[in-house]
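1. Quick one, what's the 3D model for this:
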Amino acid sequence: MSVLKLNESFVKNFVTAAELDAVAKDIRSAYATLENRSGAGNDFLGWVDLPVNYDKEEFSRIQVAAEKIKKSCDILVVIGIGGSYLGARAVIEFIKSPLYNNMKKDTPDVYFAGNTISASALSELLSICEGKDICVNVISKSGTTTEPAIAFRVFRSLLEKKYGVEGARERIFVTTDKARGTLKEFSTERGYETFVVPDDVGGRFSVLTAVGLLPIAVAGIDISALMQGAAQAREELCNSDVSQNIALRYAMYRNIFYRQGKMAEILVSYEPCAAMLNEWWKQLYGESEGKDKKGLLPDSVIFSTDLHSLGQFVQDGSRIMFETVLSIQNSGTTFAIPNDEANVDGLNFLSGAELDYVNKQAMLGTLLAHNDGGVPNLLLELADREALSVGYLLYFFELACAVSGYTLGVNPFNQPGVESYKKNMFALLGKPGYEAEKEKLTKRLK
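-> This next block holds a predicted model:
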């Protein structure tokens, strides 16, 4: 039995049979493009077979390195930006807790750095690390991306001062290009243990490579089960049956709503542990589809919290969106609502009820209300928060994203727009070779 189901009950009144038939043809064509590796970006399809064709020797080294890190440090600092950190953080917080670092456990705290250029954020993390044993996992294909490069400078210096150059060597783990790039060359020179960012897997699809697996394993999560779940998804979802394949049906509905004029998709969860999964999803879909002046804006909320901030707009504002709701069938936690003799809040009718039951009734009530407000809702029902289920979910989203992007008519695997801000930033900072551009930008800012 699959660990993930797509419930279409809350979209059926918003889509006609003719729309379904029309888009289904395009979805099948897009899937064939992916399967045949004949589309744009086909040199970045290593993720498709990754769950069964991953490097077993490296996978074993990841597990050994994770055990070494667990035994030698209180804190693992993971340095990376975008796909180099979002996947790992999403999985750790979804499976363990967004409060993972504050919980009692026998694994190190895991903090993430190099994803901002904030002096205060970096200073605060350094303060947390004071008096603690530290290991570092720096993740960068080239080693020259500004945000992680600055953080690595800082933490490499900290480790070398604290443990010496030789001691730091045993505490720095590098995930980078297999053979080239400044970080690879530097790591070889220093003798750091290295893991590979595959050439054929883009950053936002890289969570099931060493990029995500090492930090996830350090947090005590079973990465073999994670890969097993992804392999199960690959086996069940890599086919062109639009009538049954939930990844293709998800892609189909996304494209139908886009053609209807929807501008945004909101990913909804009723569990705070999904907040960083939402952020990973936003990068996956935003960076894959947001190009050529096309694409849905990926946004996210955590209900019921955000029902008290954005609920009014979703219910009654501009009809520009649809929602995809991720419901965790078994939250893994039981918590009964206590009785209150004074019944000050009038909630004694809920005394003894499970809090998860109340949460799910809030979800069903909201689904109905938003439908009444004219908002279509796709409902993804995930069995639980275990590693196998999460691996399945990650692969589901990746496959649906690739097919949806090809259906939209874009290359889902490039990100040309990301370079624009970098060029401007380098010019304004005075990087050698950008003198002419700096002059132009400075005039524009006056």
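2. Against which helices or strands is the host helix or strand of residue 33 packed?
-> Per DSSP states H and E, residue 33 falls inside helix 17-36. Under the contact definition 3 or more CB pairs under 8 Å, 6 or more residues apart in numbering; DSSP states H and E, helix 17-36 sits against helix 246-259, helix 387-408. (C-beta placed from N, C-alpha, C; glycine too.)
3. deepest of those helices, which one?
-> Most buried of the helices and strands packed on helix 17-36, by mean neighbour count (mean count of other CB atoms under 10 Å): helix 387-408, with a mean of 25.
4. closest to residue 115 out of the helices and strands packed on helix 17-36?
-> For those, distance to residue 115 was read as CB to CB. The smallest value, 19.5 Å, belongs to helix 387-408.
5. between the closest one and helix 17-36, how big is the angle?
-> Counting by axes from the mean of the first three to the mean of the last three CA atoms, to 10 degrees, helix 387-408 lies at 100 degrees to helix 17-36.
6. in the longest strand anywhere in the chain, what counts as buried?
-> Longest strand in the chain, counting residues (DSSP state E): strand 321-328. Of the residues in strand 321-328, 321, 322, 323, 324, 325, 326, 327, 328 count as buried by neighbour count, 16 or more other CB atoms under 10 Å.
7. go on, stretch 364-375?
-> In stretch 364-375, counting by 16+ other CB under 10 Å, buried: 366, 367, 370, 371, 375.
8. which among these gets closest to residue 129?
-> residue 366 (41.2 Å).
9. for the host helix or strand of the closest one, what is the average pLDDT?
-> If you go by DSSP H and E, residue 366 is part of helix 355-372. What helix 355-372 shows for mean pLDDT is 97.
10. Show the subsequent helix or strand relative to it.
-> In N-to-C order, the element after helix 355-372 by DSSP H and E is strand 377-382.
11. For that next one, give me every contacting residue.
-> Strand 377-382 has contacts (CB atoms under 8 Å, 6 or more residues apart in numbering) with 3-11, 250, 253, 322-329, 367, 370-371, 389, 393.
12. One more: stretch 20-39?
-> Residues outside stretch 20-39 that contact it (CB under 8 Å, 6+ apart): 45, 48, 238, 240, 242, 248, 251-252, 255-256, 259, 402-407, 411.
13. 7 Å instead, please
-> 45, 240, 242, 248, 251, 252, 255, 256, 402, 403, 406, 407 (CB atoms under 7 Å, 6 or more residues apart in numbering).
14. from those residues, which is closest to residue 165?
-> Checking the contacts of stretch 20-39 against residue 165 with CB to CB, the nearest one is residue 45 at 40.4 Å.
15. I figured that closest one hits residue 202, correct?
-> No - under the contact definition of CB atoms under 7 Å, residue 45 does not touch residue 202, with a separation of 9.5 Å.
16. Please point out which parts of the helix or strand harbouring residue 423 sit buried.
-> For residue 423, the host element (DSSP H and E) is helix 418-429. Using 16+ other CB under 10 Å as the test for burial, helix 418-429 gives 424, 426, 427.
17. coming back round to it: would you convert the contacts of stretch 20-39 into JSON lines that also reports pLDDT and distance to residue 356?
-> Listed next are these as JSON lines, based on pLDDT from 0 to 100; distance: CB to CB, whole Å:
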{"residue": "45", "pLDDT": "97", "distance to residue 356": "39"}
{"residue": "240", "pLDDT": "96", "distance to residue 356": "37"}
{"residue": "242", "pLDDT": "97", "distance to residue 356": "34"}
{"residue": "248", "pLDDT": "98", "distance to residue 356": "31"}
{"residue": "251", "pLDDT": "98", "distance to residue 356": "30"}
{"residue": "252", "pLDDT": "98", "distance to residue 356": "31"}
{"residue": "255", "pLDDT": "98", "distance to residue 356": "34"}
{"residue": "256", "pLDDT": "98", "distance to residue 356": "32"}
{"residue": "402", "pLDDT": "98", "distance to residue 356": "34"}
{"residue": "403", "pLDDT": "98", "distance to residue 356": "33"}
{"residue": "406", "pLDDT": "98", "distance to residue 356": "38"}
{"residue": "407", "pLDDT": "98", "distance to residue 356": "36"}
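18. Thanks again, I'm all set now.
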